[in-house]
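Student: please find the sequence and the predicted model below.
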Amino acid sequence: MSIFSRTRDIIAANVTDLLDKAEDPAKMIRMIIMEMEETLVEVRASAARTIADQKEMRRHIAKLEGLQQSWMEKAELALSKDREDLAKAALAERQKAVDMADSLHAEIAVLDDGLRASEADIAKLQAKLREARSRQNAVQSRLEGAQNRVRMREIYAGTKVDEAFSRFDLLDRHADLVEGQADALALGAAPKTLEEEIAELKNADKVDAELEALKAKRAGTATAARKD
């Protein structure tokens, strides 16, 4: 069932009120736009038929004007031949053509009024259609934003985040196990032998002797420099 039944209903309609009352605003505004577009096509088609009718009437009027001229010439010819009866009959036929042309002029005037009304309706329909399309973009943006917020809240409030953090806990536990294995290997290292400890002492003595020699050398160099 159509939302709007007539052109005047669309022009008088408040798109905002319709959307506020709709359970599904996005669906409602699509239906509104579709109805407006269809009505706009119908109004333009009706205007096109009216223009075509006017053109046909004007062609008929032109023929009637030619017929009027023809009957006038015939009446003049009859009078020139002293046939007043024929002249009167010709003038009567001319008057019929005049009356028909006047009637067509009146019909064209009525159609002109209808065309002006159609032009105003088309302008109003186009304005309503622009308004509806603008509201459609706004509604669509709001719906997308709301849907994104719903998805974010579902993520934070749902089990996905907890599942992700539980995976981090598993990774930490795995790292603890690897580090524990490394520490365990260090615990199993063999103690130094007696020979290794004595060798380290000898190396330490050598390093100490070299250090003392280096100090003595530096002291001797400094004394020589002062004597000079």
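Tutor: Yep, that arrived.
Student: distance of the residue most central in space within the chain from residue 130?
Tutor: Within the chain, one residue has its C-alpha closest to the average C-alpha position: by C-alpha atoms, centre = their mean, that is residue 137, at 5.4 Å. Computed with C-beta to C-beta, to the nearest Å, the distance linking residue 137 and residue 130 is 11 Å. The C-beta positions use only the backbone N, C-alpha and C, and glycine is treated the same way.
Student: just give me the longest helix of the protein.
Tutor: Across the chain, the longest stretch assigned as helix under DSSP state H is helix 84-157.
Student: quick one: the helix or strand containing residue 55 to helix 84-157, angle?
Tutor: Using DSSP states H and E, residue 55 sits within helix 25-80. Compare the direction of helix 25-80 with that of helix 84-157 by axes from the mean of the first three to the mean of the last three C-alpha atoms, to 10 degrees and you get 170 degrees.
Student: what packs against helix 25-80?
Tutor: Helix 25-80 makes packing contacts with helix 7-12, helix 15-21, helix 84-157 when contacts are defined by 3 or more C-beta pairs under 8 Å, 6 or more residues apart in numbering; DSSP states H and E.
Student: count the neighbours of the closest residue to residue 51 other than its chain neighbours for me.
Tutor: Nearest residue to residue 51 in three dimensions, chain neighbours excluded: residue 115, at 7.1 Å (C-beta to C-beta, 6 or more residues apart in numbering). Counted with other C-beta atoms under 10 Å, residues neighbouring residue 115 total 15.
Student: what does residue 124 give?
Tutor: The tally of other residues near residue 124 (other C-beta under 10 Å) stands at 15.
Student: now swap in residue 98 and tell me
Tutor: Number of residues near residue 98 (other C-beta under 10 Å) recorded here: 15.
Student: name the nearest residue to it, sequence neighbours excluded.
Tutor: Ranked by C-beta to C-beta, 6+ apart and with sequence neighbours excluded, the top spatial neighbour of residue 98 is residue 68, at 5.9 Å.
Student: export the helices and strands packed on helix 25-80 to JSON lines and append columns for mean pLDDT and distance to residue 223.
Tutor: What follows is these, written out as JSON lines (pLDDT from 0 to 100; distance: least, C-beta to C-beta, whole Å):
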{"stretch": "helix 7-12", "mean pLDDT": "74", "distance to residue 223": "115"}
{"stretch": "helix 15-21", "mean pLDDT": "72", "distance to residue 223": "104"}
{"stretch": "helix 84-157", "mean pLDDT": "85", "distance to residue 223": "79"}
